[in-house]
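Q: Give me a model of this one.
(chains A, B, C and D)
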There are 2 protein chains.
Amino acid sequence: MATGREIAQLCGVSVATVSRVFNQPETVNEETRERVLRVAKELDYRPNESARALSTKQSTMIGLVWDTDHRRPGWRHPYLQDLLIGLKSALSAHGYHLLMLATSGDSREVGASLADPVGYVNMTRRHHLGGLVLIDSGSDAAAFEAFAQSGFPCVALDVAVDGPRATYVTSDNEGGARSAVQHLVGLGHSRIATITGPLGNQPSEARVSGYRKALREAGVEPRDDYVVAGDFYRASGTAALHRLLALDEPPTAVFAASDEMAVGALLGARAAGLRVPQDLALVGFDDIEIASVVDPALTTVAQDKPGFGVAAAKTIMAMITGAGREEPVVLPTQLVVRDSCGAGWSGGVSVAGPAGG
Amino acid sequence: MATGREIAQLCGVSVATVSRVFNQPETVNEETRERVLRVAKELDYRPNESARALSTKQSTMIGLVWDTDHRRPGWRHPYLQDLLIGLKSALSAHGYHLLMLATSGDSREVGASLADPVGYVNMTRRHHLGGLVLIDSGSDAAAFEAFAQSGFPCVALDVAVDGPRATYVTSDNEGGARSAVQHLVGLGHSRIATITGPLGNQPSEARVSGYRKALREAGVEPRDDYVVAGDFYRASGTAALHRLLALDEPPTAVFAASDEMAVGALLGARAAGLRVPQDLALVGFDDIEIASVVDPALTTVAQDKPGFGVAAAKTIMAMITGAGREEPVVLPTQLVVRDSCGAGWSGGVSVAGPAGG
DNA sequence: AGGGTCTATGTAACCGCTTACGGTAAATCG
DNA sequence: CGATTTACCGTAAGCGGTTACATAGACCCT
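A: Numbering: from 1, shown residues only, chains lettered A, B, ... in the order given. This next block holds a predicted model:
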C-alpha cells in the first residue's frame, strides 16, 4: 500500500503538502496539487483511516445500536430494512459509515467493564465514534437514557431520551392512533376497544393516549375494560381479542397497536366465528408487509419507515457538525384504509348505533 | 480519556508493559499485571482502536456489503434481519464488528477512484478491514467476482464467487426446488409449471434445475412453455401466472421461485376465478413471514435464515485466522407444507391424472 | 529601501499503541 | 562457581497521518 510519504518523495514535496492536498486543497498551489493527485492515482493511494482517526481524534463512523430483545426472543423490528436503507444513504452523503453495535454483556451500564469488547459503550470510546443511533429494543430504554446524559451525540428511535447532545425521532403515535379511532368512529362505531403494546413502551403509551383522545372527542367515554394489554406480538393479539369477546358488551371495533397483534386478533376473530369486518372492525399500526396480504387486508396506520433512517442520519450529523442538541423529530403517520375496518365494504357496518355517552 | 502512558506512570512501569498486560498477559509478572489492571479500571481506560489498528495494520471490523439494487428499486432482502442477527452474534464472539458498506458510486470496479469515500473497495483498504461479507443484490455479481480474485478474504452470499481467499454460502436451492416439485408430483400433479427468478441469478438457475430434475425423476418431460421468467417480485408472479393460464394446456400446479412471486400468483389465480389449492396448487420458496398469513397459507421451501449469518461469520473468521480459503457451505432447506399445495386438503386435488410422458 | 502581507511549503512534534531488541537479575546447570 | 538460561521489563523505533509553527520568496506600500 502506497503511503503519503512515498507520494511526497516521488513529487519532491513534504508529507505535509500531500496531506494538505487532500484536506485543504485550496492552500496548495494548483500545479503542485495536480502533480500530487496524479502520482496518488498512479500509486493507487488510499489514506489510512486509522492513522487519520488517531491524529484527528475522530472517526467517520457512527454506531448503530441494535439488539434483538433477549426478553422477547423472536421479536423482529417491523421495518429494520427500510430504516437501514434510509440511514445508510443519508450517512453516506456525509462520508460517514455505520458500525453495528450490540448492547451485549455487562456493557449495559455507562461504566461498562473494560473486558467486554463488543458493548456499545465500550465501542463508542474505543473507536471514537462520531455518534450513536439507538434502536429501542424494548429493554434498553433506561440504559439509553443514562448514555444520553453522558453528553455523547446520540439519537434514539422511538424512545424519548434527553441529554446535552441527545435527541430522538419517533412517529406521531398519538396522532396516528387518534386518526385510526376517528376513522372507526366515522364508520359508526362507538364500542371501540384497543389492544396496547407493552406497558412502559413509549410509542405504546402514546397510541393508547391517542385512542382515548379520539374517543372523548367523539363524545364516547373510554372504558377501562376496553383497553387490554398486549406485547406487540401476534399471539398477544389473539389472547387479547378473546378477553374482549368475553366481555358482557363486547366491542364492535378494535384498534390494535401493532399489525402483528392485529393479525393475531384477526385469527382470533376468525376462530371465534366472527367475520371481519362485518362482525368486527379491525385497525392496526405499522403497515408492515403482511398488512396488505392478509384477508381481509388490514387497515392500518403507516409509519414513514425510510424517513426514520433519514431523519436519524440528518439529526446525528447536525449534532456532530454543530454543537448542542437538535430538536426531536416527530414523523407524520398516515392512515391506510383497506378492508379490515369495513370502510367501503358494501355490506356496510353491521352493528354500531350512534355515538352516545 | 486515560491513555496507556498515564497508566504506566501511575504504576511506575513502561507503556510497553501496559500494552503487554492487555495483549500477552502471560508474559508479565502477576503482581505487576494486577496493579496495571487495577489502575486501568480506576481510570476507566479504553485502548484506542485507531492507534491499535495503525500499529498492527489490521482492524477488528469486517465489512458487510449490502445494497438495495438500483436496477430493482423497492426490492427487499427476504430475510436481512435474521441474517444480521446471525452474523452479528457469531462475529461478536470473536470480538469482531460489522461495518455496513455500499457498492456506491464508481467504486464498483476494483481500481475504484480515490475520490469515492464510501464504496466498499475503498473502505476495505482505507480501514484495513479483516474481510468482507457480500450480499448479492442482483447486480453486483461480476464486481464481487472481480473483488474475490484480489485475494482479500471474503465470503459471498448466494453467489458463487471464487478466489484465493474467497468462498460463499448458499442454500441448497436445487435440492429445495426438487423437494417442492417432488411434493407436487406426490400429490398427483404432472402438469407442473415454474415461475423463475431473474435470468443469470444463481439461486434462480439452481431452482429451475431442481425443478427439471424432479420432473424427470418422476418420468415427466419438462416443457419449455411451463417455465416462465419472473424477477422475484410479486407483480412478476401475477404476470407469469396469467401467461401460464393462457396456455392451451394450463398447469395444475405452479412452483414459484420466491414467496413474493407465489403470492403474486395467488392473487392472479384468485382474480382469474381459480381456487387455490383446489384448481391450482402453489408452492413458493423462502418462507418469508407473509407465507404463513396469506390465505391459503403458502407451502414453501424454507431457508435457514440465521444460519446464513452464522455460516458467513464462521467462514470469514476461519479465513481471517488461517490462511487459504474455506469450502463453500451449502445450507439445507426444508419443505414447509401448508395449505396452498393441497396436501391434507380434504377436498382433494381436483385435476391431475397420473404422471405420464 | 525597509517593513508588512500574503502565499506556498517545509520541519517536526504529536496522536496512542505495538513490538523487536536488549539488558538485568534470579534461577538453573555442569 | 562460572556459564547459560529464564523471567521480566524498559528503550525506542515505528505505524501513517495532521497541524502548529517557522521560513522564504513575491508583492505592495510609503
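
Q: what's the distance between the residue in the stretch 201-350 of chain A that DNA strand C sits nearest to and residue A:61?
A: For the stretch 201-350 of chain A and DNA strand C, the shortest gap (Cβ to the nearest atom of the strand) falls at residue A:320, measuring 19.3 Å. C-betas here are computed from N, CA, C, even on glycine. Residue A:320 is 11 Å from residue A:61, where distance means Cβ to Cβ, to the nearest Å.

Q: Now do the SS call for residue A:237.
A: Taking DSSP: H, G, I helix; E, B strand; the rest coil as the rule, one finds residue A:237 in the helix state.

Q: could you list every residue that touches it?
A: A:195, A:230, A:256, A:258, A:260-268 (Cβ atoms under 8 Å, 6 or more residues apart in numbering or on different chains).

Q: Excluding residues flanking it in the chain, which one is nearest it?
A: Counting by Cβ to Cβ, 6 or more residues apart in numbering or on different chains, residue A:237 lies nearest to residue A:264, which is 2.6 Å off, once chain neighbours are set aside.

Q: Enumerate every residue touching that neighbour.
A: A:230, A:233-241, A:256.

Q: again, only using 10 Å
A: A:195, A:230, A:233-241, A:256, A:258 (Cβ atoms under 10 Å, 6 or more residues apart in numbering or on different chains).

Q: swap in residue A:174?
A: A:203, A:205-214, A:330, A:333.

Q: One more pass at 8 Å, please.
A: Residues in contact with residue A:174 (Cβ under 8 Å, 6+ apart) are A:206-207, A:209-210, A:213.

Q: just the helices in chain A please.
A: Under the criterion DSSP state H, chain A carries helices at the ranges A:4-11, A:15-23, A:30-42, A:49-56, A:80-92, A:120-126, A:141-149, A:173-186, A:202-217, A:234-245, A:259-271, A:305-321.

Q: which helices and strands does the third one pack with?
A: Translated: helix A:30-42. Applying 3 or more Cβ pairs under 8 Å, 6 or more residues apart in numbering or on different chains; DSSP states H and E, one finds that helix A:30-42 contacts helix A:4-11, helix A:15-23.

Q: Lowest mean pLDDT among the helices and strands, pick that one out for chain A.
A: helix A:141-149 (a mean of 87; mean pLDDT, DSSP states H and E).

Q: quick one: contacts for the nearest residue to residue A:98 once chain neighbours are set aside?
A: Beyond its immediate neighbours in the sequence, the residue positioned closest to residue A:98 (Cβ to Cβ, 6+ apart) is residue B:100, lying 4.2 Å away. Applying Cβ under 8 Å, 6+ apart, we find residue B:100 in contact with A:64, A:84, A:88, A:97-100, B:63-64, B:66.

Q: just to revisit the earlier point, redo the contacts of residue A:237 as TSV? Include pLDDT and distance to DNA strand D.
A: What follows is the contacts of residue A:237, written out as TSV (pLDDT from 0 to 100; distance: Cβ to the nearest atom of the strand, whole Å):
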residue	pLDDT	distance to DNA strand D
A:195	98	54
A:230	96	52
A:256	98	53
A:258	97	47
A:260	95	48
A:261	97	51
A:262	98	52
A:263	96	52
A:264	96	54
A:265	98	57
A:266	96	57
A:267	94	58
A:268	96	61
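
Q: If you drop the residues flanking it in sequence, what lies closest to the residue with the shortest distance to the centre of chain A?
A: Nearest to the geometric centre of chain A sits residue A:157, at 4.4 Å (Cα atoms, centre = their mean). Excluding the flanking residues, the one nearest residue A:157 by Cβ to Cβ, 6+ apart is residue A:135, at 5.2 Å.
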